[in-house]
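In: Just the structure for this:
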Amino acid sequence: MGFEKYLPLDVAVDLPLEPYLHRWLAHLDLAFYREHPNGAGVADLAHLSDRELTLHFLQRGFAEGRAYNRRFLAFLDVKDYLERYPELKLANEWEARRHWMYRGVFEGRVPNKMTQDLLDADVHLFQMGKVASRSIDKALVRAGHRRLIPHLHWASEIVQTYTQSFLSYDEILNHDPDKELIFISGVREPLERVVSGLFQSASERKSSQSVGELTAIFNGPNAQLEAYLLPHLKLVLDWFAHGYFRGIDVYEHPFDVARGHACIRKGPVTVFLYRLDALERCWAPLSELLGRALRPETVNEAQDKDYAAPLRDALQKLRALPNGPLHDAVRSSRYWRHFFAGDDAVAPIAIAAQPWADALSRGSYPGTAKPDTANLVRNECAILPAAHLAGRWANVDVTVRTTLAMPPACVLHCEADNGASLLRLPARFGANGRLRLFLRVPAACGVLRLEPESATADLAVSHYSVRRRHFGRVLLEVLRFEMAAGPLTLARRLWRAARGARVHGWDTLGSRFLENLERNIAGYGFLYAVSASPDSHAARACKR
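Out: The predicted structure follows:
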């Protein structure tokens, strides 16, 4: 075993008194040593056997400074090495090669600029794919970030993305344990992430399947589709087991599901986590963390790809799948519970995309002059229990899926147990299908019923939660969201609310302010609220 397998120990040979001899022999590539030309450009060792090559290296090769390892030599940029280490006083390229292979590589020196740029990087985009990492990268560059931003989805990708890096990703991160590093890592609804990633890989020929073959799988039997997707889903659900955040386990730190982002600090390492559907409201905290004013960027949008249509059909098929192994795997994962379900939220519920219907007395139904209400089934996921929150402030958080370009307008009804409507609030979803509402639940309310304004709207609820919120917490979140629009905008809205409260009574100041909030384009922070009294101006306006 060991050196006795190839080192001619039975021959009387004087071992050179070199401290790195053990490492030289461990990395001795006999095939490369035999084929590589000497200083005169001639491969003069081609006739020697492996045993004779080893003896030659011990007796003459190291003294002549011969190249002995293919990998060491492949990463060396001689000119960069000479410029980087002037203190070594290397006279020429030959001395630079010799020093690197026999000393520098074992002293932790850097062979080229790419490796040094990776070591100098202080912001790393290390995250799973299809979570808008390119948008963040572009925003950083436009904001003036001049250092390299390592952008990887898996540590192994460093050999493809940064081909000149002599060090592995683990060696890059741990080269200087005291160096301050910021990791930015996003998450996404797991099933949607899997499907989106599969179609992009297929379109870019990074997968064994073409887009057509992938489409055929999604058009096949449900059991076959689930068996195909389960291994890919496991990779997403287990992504944070990589251990590359310098010992930080993201699951040991709380994640605010309502906010959609979190910042973990431990020693010199910071990990910023965000959900893709919350990215629009993450630019401000990201800018604060990085010390640069970042502007939202849009890159690599799925709707701009040539596979947009089959991807849309595949997602529709996935949403129509009944509860089974896929949804069980999601619900039972730490990934889902930590980033999406939260401590007091409801687990994901997969339902077929279908029209919601109530009595449908407002209009006609496609294909019939008058709907047959007896045969229409209300989507039970649209009923949000709220009796335990009667008279209290609550946060309603709903995420839906639709085959339409934009989720349709909806209405949230606060109903008593006998079905009487106590309050009617507009509910506009963002482009990403998410809605957040803050409201004071009427005292007699039993349930909150969410329905589209159009009886034919194509919607399916994938996640919802109704949580108690203290009014102070609501007010803080209001101010936080509105400060993002700028202090002048916030002051203007407060002045507008004060003018309205002067007319309708100063007790309505809070409700007037909340009522007049403007929406942002991302679908987040849509704050509608009513005061405690159902007869207040805000309540009357919502009922109208």
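In: what's the neighbour count on residue 253?
Out: Neighbours of residue 253 under the rule other C-beta atoms under 10 Å: 15. To be clear about C-beta, it is placed using only N, CA and C from the backbone, and glycine gets the same treatment.
In: Residue 164 in helix, strand or coil?
Out: coil (DSSP: H, G, I helix; E, B strand; the rest coil).
In: wait, what's in contact with it?
Out: By C-beta atoms under 8 Å, 6 or more residues apart in numbering, the contact list for residue 164 reads 75, 77, 112, 113, 114, 115.
In: Using TSV, please lay out those together with pLDDT.
Out: Formatted as TSV, the contacts of residue 164 follow (pLDDT from 0 to 100):
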residue	pLDDT
75	96
77	96
112	97
113	96
114	97
115	97
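In: Got a PyMOL select line for the buried ones in the residues you listed?
Out: Buried residues within the contacts of residue 164, by 16 or more other C-beta atoms under 10 Å, are selected in PyMOL with:
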select buried, resi 75+77+112+114+115
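In: need the contacts of residue 164 in a markdown table with secondary structure, can you?
Out: Below are the contacts of residue 164 laid out as a markdown table (three-state DSSP):
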| residue | secondary structure |
| --- | --- |
| 75 | coil |
| 77 | coil |
| 112 | coil |
| 113 | helix |
| 114 | helix |
| 115 | helix |
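In: Now flag whichever of the contacts of residue 164 is closest to residue 447.
Out: For those, the residue nearest residue 447 by C-beta to C-beta is residue 114; the value is 59.7 Å.
In: and the closest one, what does it touch?
Out: Residues near residue 114 by C-beta under 8 Å, 6+ apart: 162, 164, 165.
In: how near is it to residue 224?
Out: Here the criterion is C-beta to C-beta, to the nearest Å. By it, residue 114 lies 44 Å from residue 224.
In: give me phi/psi at residue 274?
Out: Main-chain dihedrals, residue 274, degrees, to the nearest 10: phi -150, psi 150.
In: how many other residues sit next to it?
Out: Using other C-beta under 10 Å, the number of residues around residue 274 comes to 28.
In: Please tell me I have it right and it contacts residue 187.
Out: Yes - the pair residue 274 / residue 187 is scored as a contact, 7.5 Å apart, by C-beta atoms under 8 Å.
In: any low-confidence regions in the stretch 301-450 of the chain?
Out: Filtered on pLDDT under 70, the stretch 301-450 of the chain yields the residue ranges 301-305, 342-385, 401-406, 430-432.
In: which residue ranges form the strands in it?
Out: With DSSP state E, counting those that start in this stretch as the criterion, the stretch 301-450 of the chain has strands at 354-355, 383-385, 393-401, 410-415, 421-427, 434-440, 447-452.
In: So which of these is nearest residue 120?
Out: Nearest of these (C-beta to C-beta): strand 434-440, 38.0 Å.
In: can you give me how far the closest one is from the chain middle?
Out: Here the centre of mass of C-alpha atoms in strand 434-440, compared against the chain's by C-alpha atoms, centre = their mean, to the nearest Å, lies 24 Å away.
In: Within its sheet, name the partner strands of it and how each one runs.
Out: strand 393-401 (antiparallel) (DSSP bridges).
In: what about residue 280, distance to residue 298?
Out: Distance from residue 280 to residue 298, by C-beta to C-beta: 11 Å.
In: who has more neighbours, those two?
Out: residue 280 (20 against 10).
In: I'd say the more buried one and residue 296 touch.
Out: Yes - taking contacts as C-beta under 8 Å, residue 280 lies within contact range of residue 296: 6.6 Å.
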